[in-house]
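Next come a sequence and a model predicted from it.
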Amino acid sequence: MTPTFAHGSLRLYLLSLLAERPRHGYELIQALSERFGGTYSPSAGTIYPRLAKLEEEGLVTKTAGERKTVYEITDAGRAELAARADDLRDIESEVTDSVRRLADEVRTGVTEAMKSLRADLASAARHAAPDMSKPHQDTRPHGDSNRSLREADMVLNEFRQQLRADLRTQAYRAQLPDATVPELRRQLDEVRASILASLRP
């Protein structure tokens, strides 16, 4: 999922971030990570040489503060952005596609986990059903079990719909870290194991 910048693309993207407001190096790293939903977080060794090159070209200036050096775009830098507006739009489109693919992976993980949990609940309900071959057995627990299964199914559907809505919102904001899918699976596995343990006599 980590994006690969074509030659000069990261340089252009840094200019676009500085066009929004002056930033220091760590802020640029954070901004890039947020834009890519956590799927890409460049190292200082990637960012600072490019900033130095932009400064050499007169596209940015830097001001050394007490603790951090702040970079600011120049008029020449803004002219460069304007001249390459189409290239920047292509980069933004790639960012959106990258985050959308991650969101699709998360939704797939939710669907698979929900199916597995529903199957386990159905299996548990069947095991809890009375043996109909035995005469005079009270069948009320069977009805209770089926009702509980239907209610559990409703709860799972509500959970999936709400989580998918939440994930779409985060993906739209480009704030879905790449650790989301494995963490989701881990937590759902824990919930599944806990519920099944509670069903055992």
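Thanks, I have it.

Could you identify the helix or strand that succeeds whichever strand or helix holds Ser33?
Of the helices and strands defined by DSSP states H and E, Ser33 is found in helix 25-35. Reading on from helix 25-35 to the C-terminus, the next helix or strand found by DSSP H and E is helix 44-56.

Please put the alpha-carbon coordinates of the helix holding Ser33 into CSV.
Listed in CSV are the C-alpha atoms of helix 25-35, where the atom choice follows Å, rounded to 0.1, in the frame of the first residue of the first chain:
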residue,chain,number,x,y,z
GLY,A,25,10.4,19.3,8.7
TYR,A,26,8.6,17.2,11.2
GLU,A,27,5.3,18.9,10.4
LEU,A,28,5.9,18.0,6.7
ILE,A,29,6.5,14.4,7.6
GLN,A,30,3.3,14.4,9.7
ALA,A,31,1.3,16.1,7.0
LEU,A,32,2.4,13.5,4.4
SER,A,33,1.5,10.6,6.7
GLU,A,34,-1.9,12.1,7.3
ARG,A,35,-2.6,12.7,3.6
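
Distance check, Lys53 against Gly25.
Separation of Lys53 from Gly25 (Cβ to Cβ, to the nearest Å) stands at 14 Å. Where you see a C-beta, it was placed from the backbone N, CA and C, and this is true even at glycine.

okay, now the domains of this structure?
Here the domain assignment for the chain is 9-83, 96-199, based on automatic domain parsing.

Least confident of those domains, on average?
Of all the domains of the chain, domain 96-199 carries the lowest average pLDDT, namely a mean of 67.

got the contact list for the nearest residue to Thr69 once chain neighbours are set aside?
Distances taken as Cβ to Cβ, 6 or more residues apart in numbering place Lys62 nearest to Thr69, at 5.2 Å, with adjacent residues excluded. With contact taken as Cβ atoms under 8 Å, 6 or more residues apart in numbering, Lys62 is in contact with Leu51, Glu55, Thr69, Val70, Tyr71, Glu72.

And for Arg50?
For Arg50, the contact set (Cβ under 8 Å, 6+ apart) comprises Leu10, Arg11, Leu14.

Show me what the helix or strand where the last one lies packs onto, helices and strands only.
Assigned by DSSP H and E, Leu14 belongs to helix 9-20. Helix 9-20 is packed against helix 25-35, helix 44-56, strand 69-73, helix 75-83, helix 85-128, with contacts defined by 3 or more Cβ pairs under 8 Å, 6 or more residues apart in numbering; DSSP states H and E.
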